[in-house]
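Enquirer: model this:
(one chain, ligands or ions: 1)
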Amino acid sequence: MDSGKNLQIAIDGPAGAGKSTVARAVAQKLRIFYLDTGAMYRAIACKVLKKAIPVDDEEKVSKLAEETEIAFDHDAERHIWCDGRDYADEIRSPEVSRIVPLIAVYPRVRKRLVSLQRREAELGAVVMDGRDIGTHVLPKADLKIFLTASSAERARRRWLELKAKGQDLTLEEVLTDLETRDKQDTERAESPLRSAADALIIDTTGLSVDDIVCKIVEYVSDISEQGKEKSIRNIGMKN
Ligand code: DC
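Expert: Numbers count the residues shown, from 1 in each chain. Predicted coordinates for the structure are as follows:
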């Protein structure tokens, strides 16, 4: 581990790969902060809808993002405070899900949110999940994980989640929506979704959340051990 820097764990992957569930559980186990960067893009999308700004008005959407203050409760809960209001519930609506990839392509929106994300990482040890964390937001992260699963499996998980929340969509609708979002996220010019060259790729199909979390926590303790050895060796060299 890079001494003088807080622990940083980056978890990237497509929608429905299990990033947020895994990232939150890892953060809880390690007692560090969890930052859901997708929630930040969703919060901006939510404001765009509330203010009835046309989604294709890049200037207005970018300005709105630049003027928005986003804060988190540094606990395991999913509160996201946007201009002093908790947006946690509203950001998961199907309408927000539909427009969020469209505003996530705007460079000024990304720049604003990336700077807020890096600011959070400076405050303490963090597990951050998103699409560009290992490749762009935290390129020096101590551990980079890329979670993936088949689109059928990811759609099934999302569909069960939405059903539990009382949202009445068919599995086919969820699959189509997910494949559209994958395409938008991977094909955009600005920080597209891809795994970092030094990321560990985990296919979560058929794995339990516990299995994945244990694997990641093991990697973290390996890194900490290597870090300790490195600093002991460095002390040895100085003497
Ligand atoms: O993870 P999610 O479904 O809540 O993400 C919502 C959208 O935000 C999704 O279309 C991808 C985009 N996103 C992004 O572009 N970069 C991130 N770091 C996180 C999310």
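
Enquirer: Neighbouring strands of the helix or strand containing residue 147 in the sheet, and parallel or not?
Expert: Per DSSP states H and E, residue 147 falls inside strand 143-148. In the sheet, strand 143-148 lines up against strand 8-12 (parallel), strand 200-203 (parallel) (DSSP bridges).

Enquirer: contact partners of the first one?
Expert: Pointing back at strand 8-12 there. With contact meaning CB atoms under 8 Å, 6 or more residues apart in numbering, strand 8-12 is reached by 19, 22-23, 26, 121, 125-135, 137-138, 140-147, 193, 195-196, 199, 216, 220. Any C-beta I mention is one placed from the backbone N, CA and C, and that applies to glycine too.

Enquirer: repeat that for 7 Å
Expert: With CB atoms under 7 Å, 6 or more residues apart in numbering as the test, strand 8-12 has contacts from 19, 22-23, 26, 121, 126-134, 138, 141-147, 195, 220.

Enquirer: Would you single out the least confident of the strands paired with strand 143-148?
Expert: Among these, strand 200-203 has the lowest mean pLDDT, at a mean of 93.

Enquirer: Can you point out the buried residues in that one?
Expert: Buried residues in strand 200-203, defined by neighbour count with 16 or more other CB atoms under 10 Å: residue 202.

Enquirer: just to revisit the earlier point, so which of the strands paired with strand 143-148 is nearest the ligand?
Expert: Across the strands paired with strand 143-148, the ligand has its closest neighbour in strand 8-12 (7.6 Å, CB to the nearest ligand atom).

Enquirer: Alpha carbons of that closest one, in PDB - could you do that?
Expert: The C-alpha coordinates for strand 8-12 follow below in PDB (Å, rounded to 0.1, in the frame of the first residue of the first chain):
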ATOM      1  CA  GLN A   8      -8.600   3.200  -1.900                       C
ATOM      2  CA  ILE A   9     -10.600   0.300  -3.300                       C
ATOM      3  CA  ALA A  10     -12.100   0.800  -6.800                       C
ATOM      4  CA  ILE A  11     -15.000  -1.400  -7.900                       C
ATOM      5  CA  ASP A  12     -16.100  -1.000 -11.500                       C
END
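
Enquirer: and the next element down the chain from it?
Expert: That would be, after strand 8-12 and using DSSP H and E, helix 19-30.

Enquirer: Compute the inter-axis angle for that following helix and strand 143-148.
Expert: Per axes from the mean of the first three to the mean of the last three CA atoms, to 10 degrees, the angle that helix 19-30 makes with strand 143-148 is 140 degrees.
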